[in-house]
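**Student:** A predicted structure for the sequence below; I have some questions about it.
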Amino acid sequence: MENKLVGACILGQSGGPTSVINASAYGVIKTALESDCITNVYGAAHGIAGVLSDTLYDMGKEDPGELELLMNTPSSELGSCRKKLADPDADDTEYKKILEVFKKHDIRYFFYNGGNDSMDTCSKISRYMEKVGYKCRVMGIPKTIDNDLFGTDHCPGFGSAAKYIATSVAEVSKDTKVYDTGAVTIIEIMGRHAGWLAGSASLASLCGEGPDLLYLPETDFDMAAFISNVKRIYAEKGNCLVAVSEGIHYPDGSFVSEAKTSATDGFGHAQLGGLASLLAAVVKKETGAKVRGIELSLLQRAGAHLASQTDIDEAFMAGMMAVKYAVSGTSGKMVGFERDTSSGKYVCKTVLLPLDTVANAEKKVPLEWIMPDGAGVTGDFTEYVLPLIQGENSRVVENGMPRFAKLKKIIVK
Ligand code: F6P
């Protein structure tokens, strides 16, 4: 091979976890271990933080059976971080450290698995390595339950979270109707600035249990209209089920969530949450109804028992293809997905997207997929999400409980 590059690789996981990010890790690790260009396969502890502190795990020393269990192990097994790197042209201190670690271990391949902010990290490292003339192929692998990465049809992690949300909303909906006294139930769903996850609650209507009201962060929230809608539906049906994104905001952009003032994470985002309780208190005061606020919180991104097999397979494919593309000469790109329905069936193909165009951009739900009153989504939304939640995963179970991967995490000297 003309552009053959031989050396070790590092895989880092970054940002919030998903129930399938470890399937991408397995795609990278397995493919890299099988590649004759990659001499050693290392996992960075807590993403770029582990590279900076030279804390790398030797994946080649893991039991292959345990590595395979990553396919159904939720959370980020190597550890994650939310760390923003400086612009290398303004301050290259951390990049010099990264270069030192790369040289020490002869790292020639760097794979970074994360969302928009993580693609920014990846893009900056790629640029720096090119600038200093260090031969290293840098590849981004998409991940985010928020589904807001620019340029790709969808992101690994989203389909499983959407399946969890739609199923949970349908199940909770059944429960909310048991008493003869009625209730108002408000379910809070993640997704800071994009409503892909919240919109997925609408899929509960496929089993006759969809929410009565659904609010996404793509449109401004109107508290008075919300209360009046709840009152109307409660009066008509004696019951009202609301699904709402954690990221809903007023016209001035301020979050409705009461946690808006809490600390920001390493990428500078406000930590949201607490919205369901806030809205529940408002509705209780206004209606006197029995009200319950439910925050799906971490359950929606850790719920591997409900992961979509399509999502698991595609997450693996993204990791595998990142290695294949890199070994064959690609660098500075993120593996993206393209949907092909020309055969009448859903097929997902990989494409290459420049890292700098993906970094820091956000893909939101198109406004034409949101109902004019801002309280629901259209059939186009359902059509988009449906193929992504298909397939029941079969996982290893012991004592009636999931058997997660147990890695030895042997530190590279
Ligand atoms: O990664 C995306 C996400 O899950 C968002 O939907 C959510 O707002 C955020 O992460 C929460 O992040 P953390 O776990 O860092 O509080």
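**Tutor:** Happy to help now that I have it. Residues are numbered from 1 along each chain as shown.
**Student:** list the contacts for E295?
**Tutor:** Applying C-beta atoms under 8 Å, 6 or more residues apart in numbering to E295 gives the contacts 188, 273-277. Just so you know, the C-beta spots here come from the backbone N, C-alpha and C atoms, and that holds for glycine as well.
**Student:** Residues of this protein that sit close to the ligand?
**Tutor:** Within reach of the ligand by C-beta under 6 Å from any ligand atom, the chain has these residues: 15-16, 82, 115, 144-146, 190-192, 265, 271-272, 301.
**Student:** any chance of the residues you listed in CSV, with secondary structure too?
**Tutor:** Converted to CSV, the residues of the chain next to the ligand look like this (DSSP: H, G, I helix; E, B strand; the rest coil):
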residue, secondary structure
G15, coil
G16, coil
R82, coil
G115, coil
T144, coil
I145, coil
D146, coil
M190, coil
G191, coil
R192, coil
D265, coil
Q271, coil
L272, coil
R301, helix
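**Student:** Which one of the residues you listed sits in the busiest neighbourhood?
**Tutor:** Counting neighbours by other C-beta atoms under 10 Å, I145 comes out on top of the residues of the chain next to the ligand with 31 neighbours.
**Student:** my read: that residue touches G15, true?
**Tutor:** No. Counting by C-beta atoms under 8 Å, I145 stays clear of G15, with 9.9 Å between them.
**Student:** In terms of distance to the ligand, which of the residues of the chain next to the ligand ranks first?
**Tutor:** Proximity of these to the ligand (C-beta to the nearest ligand atom) peaks at G16, which lies at 2.6 Å.
**Student:** so what's the closest one up against?
**Tutor:** Contact analysis of G16 by C-beta under 8 Å, 6+ apart lists 80, 82, 115, 144-145, 301.
**Student:** and it, what are its phi and psi?
**Tutor:** For G16, the backbone dihedrals (degrees, to the nearest 10) come out as phi -70, psi 140.
**Student:** Point out where the stretch 1-150 of the chain drops to low pLDDT.
**Tutor:** For the stretch 1-150 of the chain, the stretches flagged by pLDDT under 70 are 1-2.
**Student:** all strands for it, in order.
**Tutor:** Ranges of strands in the stretch 1-150 of the chain, per DSSP state E, counting those that start in this stretch, are 7-13, 38-44, 56-58, 107-114, 137-142.
**Student:** In CSV, list those strands along with mean neighbour count.
**Tutor:** Converted to CSV, the strands of the stretch 1-150 of the chain look like this (neighbours: other C-beta atoms under 10 Å):
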stretch, mean neighbour count
strand 7-13, 27
strand 38-44, 24
strand 56-58, 23
strand 107-114, 28
strand 137-142, 29
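**Student:** now Y95, nearest residue through space, not along the chain?
**Tutor:** Y128 (4.4 Å; C-beta to C-beta, 6 or more residues apart in numbering).
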